[in-house]
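Enquirer: Here is my input; please provide its structure:
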Amino acid sequence: MKSKSIIIALAVLILACSVTAIAAESASVGDYTFDYPDDFKVNSTSDTQAVFEKDNTHAIVVLFSDSVASSDDAKTNLESKGYEFLGENTYDAEGYSVTQQNFEKDGLTVYSYNFQMKDGKYCVITYTIPSSEQPGENEDNPITEIIKTLK
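Expert: Okay, here's the model as predicted:
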């Protein structure tokens with residue numbers, strides 16, 4: 001019985017390791033490299049941004065810039081386009097002070113994550129999903145994966 005438990009535990013560990021190994025793809029934008037979830041596909045890239053799509057209602061945009069509008073400016077801009085502001089919070093992620101703003105429009109929720117890179121550039125990551133879904137907490141949020149692997 002003990003050896004059967006050990007075999008099952010080993011099989012689960014091997015499965016977990018294999019899932020982790022294929023759980024992400026890498027992308028480069030300008031001087032930066034990061035992982036993104038493997039269920040998303042690259043839509044477009046440039047020297048300053050990358051757009052990833054899973055389907056018509058799931059998208060991630062990663063943008064790097066020398067300057068960024070303030071959180072208030074971003075909020076005003078999106079509200080002028082009909083987005084409803086749902087809330088904002090700031091938290092620490094991998095040594096970055098990340099400001100997250102949440103907006104909703106037409107059954108979609110847009111989560112905007114803004115922070116300053118160690119080299120002084122700014123990073124803005126938006127994550128769009130259906131309003132009926134949640135973005136996931138910690139390791140289950142694809143944005144956490146991007147921030148953790150950002151080089």
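
Enquirer: next structured bit after the lowest-mean-pLDDT helix or strand in the chain?
Expert: When each helix and strand of the chain is scored by mean pLDDT, DSSP states H and E, helix 2-21 comes last, with a mean of 35. Using DSSP states H and E, the helix or strand that follows helix 2-21 towards the C-terminus is strand 24-29.

Enquirer: mind listing what's buried in whichever helix or strand comes after that next one?
Expert: Next helix or strand after strand 24-29 toward the C-terminus (DSSP H and E): strand 32-37. Residues Tyr32, Phe34, Asp35, Tyr36, Pro37 are the ones in strand 32-37 that count as buried (16 or more other C-beta atoms under 10 Å). All C-beta spots, glycine's among them, are computed from the backbone N, C-alpha and C.

Enquirer: Equivalent analysis for stretch 80-99, please.
Expert: Buried residues in stretch 80-99 (16+ other C-beta under 10 Å): Tyr83, Ala93, Tyr96, Val98, Thr99.

Enquirer: So which of the residues you listed belong to strands?
Expert: Under the assignment DSSP state E, the buried residues of stretch 80-99 contribute Ala93, Tyr96, Val98, Thr99 to strands.

Enquirer: name the element Tyr67 belongs to?
Expert: Not quite, residue 67 is Ser, not Tyr. Short version, using DSSP H and E: Ser67 is in no helix or strand.

Enquirer: excluding its backbone neighbours, what's nearest it?
Expert: Tyr122 (6.7 Å; C-beta to C-beta, 6 or more residues apart in numbering).

Enquirer: ok so, going back, tell me the one of the ones in strands among the buried residues of stretch 80-99 nearest Asn43?
Expert: Using C-beta to C-beta, Val98 is the member of these that sits closest to Asn43, with 23.5 Å.

Enquirer: Would you agree the closest one is in contact with Glu88?
Expert: No. Using C-beta atoms under 8 Å, Val98 makes no contact with Glu88, being 11.0 Å away.

Enquirer: in the protein, which ranges drop under the pLDDT threshold?
Expert: By pLDDT under 70, the low-scoring segments of the chain are 1-23.

Enquirer: again, only this time at 50
Expert: Within the chain, the stretches with pLDDT under 50 are 1-22.

Enquirer: The residue positioned nearest the centre of the chain and Phe103, how far apart?
Expert: The chain has Ile143 as the residue nearest its centroid, 2.0 Å off, counting by C-alpha atoms, centre = their mean. Separation of Ile143 from Phe103 (C-beta to C-beta, to the nearest Å): 15 Å.
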